[in-house]
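> Kindly return the folded structure for what I paste below:
(4 chains)
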Protein chains: 2
Amino acid sequence: MNDHRPYARALDRLKGVGLRPTRQRLALARLLFDAGDRHVTAEQLHAEAVAADMRVSLATVYNTLHQFTAVGLLREVVVESGRAYFDTNTSDHHHFYHIDQGRLEDIHHSRINVAALPEPPAGTAVDRVDVIIRLKNGEI
Amino acid sequence: MNDHRPYARALDRLKGVGLRPTRQRLALARLLFDAGDRHVTAEQLHAEAVAADMRVSLATVYNTLHQFTAVGLLREVVVESGRAYFDTNTSDHHHFYHIDQGRLEDIHHSRINVAALPEPPAGTAVDRVDVIIRLKNGEI
DNA sequence: GTGATTGCAAATCTTTTGCACTAAA
DNA sequence: TTTAGTGCAAAAGATTTGCAATCAC
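Numbering: from 1, shown residues only, chains lettered A, B, ... in the order given. Below is the predicted model:
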């Protein structure tokens, strides 16, 4: 078990999705998943890793984020052209986006009611529904 | 009036928002607004302009799209990191995004009912609510 | 004329890729 | 071993910027 130990948790998580647990992936998994729900960019995560004395290249951070996304450990959220955010919360939910801070905040799906979704056009199926509430500073 | 003539319409539109009606802005305005609701990228619009023998540089297309957005003639829609779409429909509405085709399609706001929007966090105000329904090909 | 606008090319920013090196199984 | 994974530096793609030339008023 050892589910309470960060290293073991990261190891189990990687094994669970069939990704070889390399030093870099374990390090990034710990940064990503040991601190609750997070929304990070590749640059941010790389900076954190460097600050924590983990030697990982930016290219590997990009690769890892995409691999984690492909196996369902992460979800990519698009709110700004030219920058990709990765969300450790992969359950059904939506987002506040703080424009001035470039920061995302989860909205539990029970707090939004998207009723009466239109039918997808013929020949297509819904892949995902994203609701993004963009926020600016100051009350109105 | 002359509202039925493309040139006059484009001219009036630019005057209406206080942008100097240069040859390039008039040309782009006609491409954008004379064909109903459109969703274009800068590259696409530039290609169209070149195909129509309008001499406009890509840099000017980018500038113009942003100026038009700033004055409310266009709306920027973000669905893919790394590519910005501009929408000629500036009224309250949402989008289907055809993943495989990289194409946006409007959803009239009356066809979606986003009820029970959560309160914006203290100190912030809602700037805009975007609903994006991502579609893949094939029924389920 | 005079200040706004344009075009070009260079710069910037994020992300991807090729390939020799390293590490996990 | 053998194959997957990593790092680096270079490439790619989208967008922006600096500045001299050009245009609208």
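> Would you mind listing the residues in contact with whichever residue of chain A sits closest to DNA strand D?
Of all residues in chain A, A:Thr60 sits closest to DNA strand D, at 2.9 Å by CB to the nearest atom of the strand. (Each C-beta comes from the backbone N, C-alpha and C, glycine too.) Residues in contact with A:Thr60 (CB atoms under 8 Å, 6 or more residues apart in numbering or on different chains) are A:Gln24.
> Assumed it was part of a helix.
Yes: using DSSP: H, G, I helix; E, B strand; the rest coil, the secondary structure at A:Thr60 is a helix.
> Any stretches of chain A with poor pLDDT?
A:1-4, A:139-140 (pLDDT under 70).
> now the helices: where do they sit in chain A?
Defined through DSSP state H, the helices belonging to chain A, from first to last, are A:6-17, A:23-33, A:42-51, A:58-70.
> dump the residue contacts of A:Ile133.
Neighbour list for A:Ile133: A:His94, A:His95, A:Phe96, A:Tyr97, A:Ile107, B:Leu117, B:Pro118, B:Pro120, B:Val126, B:Arg128, B:Val129, B:Asp130 [criterion: CB under 8 Å, 6+ apart].
> Show me what the second one is bridged to.
For A:His95, the residues forming beta bridges with it (DSSP bridges) are A:Asp106, A:Ile132.
> Which residue, other than its chain neighbours, is closest to the most centrally placed residue in chain A?
Centroid-nearest residue in chain A, with CA atoms, centre = their mean: A:Asp87, separated by 1.6 Å. Nearest in space to A:Asp87, with sequence neighbours left out and distances taken as CB to CB, 6 or more residues apart in numbering or on different chains, is A:Arg75 at 4.7 Å.
> Hmm, the one you found is touching A:Thr69, no?
Yes: checked against CB atoms under 8 Å, the pair A:Arg75 and A:Thr69 is within contact range at 6.7 Å.
> residues shared between the contacts of these two?
When contacts are counted by CB under 8 Å, 6+ apart, A:Arg75 and A:Thr69 are jointly contacted by A:Phe86.
> how far does stretch A:79-87 stretch from start to finish?
Using CA to CA, to the nearest Å, the gap from the first to the last residue of stretch A:79-87 comes to 12 Å.
> what does it contact?
Applying CB under 8 Å, 6+ apart, the external contacts of stretch A:79-87 come out as A:32, A:37-42, A:45, A:65, A:68-69, A:74-78, A:95, A:97, A:102, A:104, A:106, A:132, A:134, B:76, B:78, B:80-84.
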